[in-house]
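J.: After the sequence you'll find the predicted model.
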Amino acid sequence: MIFEEAAFIDPEVINVVAVPLMLVDGTVTLAISTPSGDDDNYYNAFLDIPSAENPGEKMFKTVKLGLACDPCVLAGKGAECKHKAHLLPPWKSAAGMEKGRLIQKGMPELFQQENMGMIISNTQYYFSAKLVEALRQRHSFKFTTLPNIVYIGIDPSGGGDRSNYSMASVVRHQGLHHIVGLDHTPSADYEEINTMVYTHLRRLRSKPEFQHCLFVVFFESNMSWIETSRMRPLLEHPSLQPVHLHSKDPKEQGRVGIITTNMNKEAYVHTLLDMMVSNTLDYSADLFTQEKDGPESIRAQLEAQMRNFRKCRKPAKFPEFNQPKVAMSGKSSTMKDDLLMSLMFALYFPTELLADSQFVARATSLGFQPT
């Protein structure tokens, strides 16, 4: 099998067609490509797969060819480097390279990738390993006074390999933010989802410090308003009250739920980032979960999702006519981001909600002081 521009082939073609053929005796795979800056690219991932026979070696033999020397790359001058001009293949010339350099003067990243053989990453990771580790090392919090409100974020993903139905519960208390509960399930079965959500809320309600709190639920409705409508009777069950189901219905039809847009998604990220930088986010000492391996496992999954959350800038196919596409996500071929998204709902929307005079008046009338 020969793949030309292998890094840009649809992953489904690779997984459905190519991988089964690789397993047939006598098959040889040759993949040729200019490098891709997409970190979640199967081609880049294949380069690091260990050998089944010898884990100390790589499964695929790799030959990397580049025309920019290491000092120029480190100095950020890869596009200008001419120190390897003597290594040009016979079908290229120094004069031709100079023409390409002038034509693509305004697109140095594209020139370096397509002509110099350099891997140019278009990915910006938001939560550094240092920040995530600082969160992990922070002392767990124990409540000494009773909070008023628990904020709960729910990301009702549809199940499957790339998403989980997730929820996170947070308390804002004395200027700090404490993660008190995290749950998720890969199931799309309604009964299993209902059990997870109800058990999470009942477990919150059973704790003495939250027994009389107001539960404020931020339920994402991007998939559809149908799921939030389906879950509404469960969330309004008498055993869970008092509960406030937040609504940001743009059509003002009385539907419950919030909508994630590119603009507020960036606000979610920066809200969490500010809390991590300012050391105002931590875990409750009594962090709970229905995860079979317990709180340490769910924390590790959340922190892995944080480290993987990124802004990916994908060059336009025709850069002279179109702007690059920018996507913010933690999803990849090996990672989900639903736990993180549900946590960000619970951290971002309270500030917006506290500016809502109707909510503040309702909460106050019920005996709760929003903070």
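T.: Thanks, I have it.
J.: could you give the mean pLDDT of the one helix or strand residue 102 maps to?
T.: Element membership for residue 102, per DSSP states H and E: helix 94-103. Rounded to a whole number, the mean pLDDT of helix 94-103 is 76.
J.: now stretch 177-192
T.: Per-residue pLDDT values across stretch 177-192 average out to 92.
J.: follow-up on the earlier one: and the helix holding residue 102, what's buried?
T.: Applying a neighbour-count criterion of 16 or more other C-beta atoms under 10 Å, one finds 97, 101 buried in helix 94-103. Where you see a C-beta, it was placed from the backbone N, CA and C, and this is true even at glycine.
J.: Would you mind writing the CA trace of it as PDB?
T.: Coordinates of the C-alpha atoms in helix 94-103 are reproduced here as PDB (Å, rounded to 0.1, in the frame of the first residue of the first chain):
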ATOM      1  CA  ALA A  94      18.000  26.700  -5.400                       C
ATOM      2  CA  ALA A  95      16.500  29.200  -7.800                       C
ATOM      3  CA  GLY A  96      13.100  27.500  -7.700                       C
ATOM      4  CA  MET A  97      13.200  27.500  -3.800                       C
ATOM      5  CA  GLU A  98      13.900  31.200  -3.900                       C
ATOM      6  CA  LYS A  99      10.900  31.900  -6.100                       C
ATOM      7  CA  GLY A 100       8.700  29.900  -3.700                       C
ATOM      8  CA  ARG A 101      10.100  31.800  -0.800                       C
ATOM      9  CA  LEU A 102       9.200  35.100  -2.400                       C
ATOM     10  CA  ILE A 103       5.800  34.000  -3.600                       C
END
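J.: Centre of the chain to it, how far?
T.: Using C-alpha atoms, centre = their mean, to the nearest Å, the distance from the centre of helix 94-103 to the centre of the chain it belongs to is 39 Å.
J.: which other helices and strands contact that helix?
T.: For helix 94-103, the contact count by 3 or more C-beta pairs under 8 Å, 6 or more residues apart in numbering; DSSP states H and E identifies helix 108-115 as packing neighbours.
J.: Residue 217 belongs to a helix?
T.: No: with DSSP: H, G, I helix; E, B strand; the rest coil as the criterion, residue 217 is strand rather than part of a helix.
J.: oh, and call the first residue 27 from now on, that's how I've got it
T.: Got it, first residue is 27 now, which makes that one residue 243.
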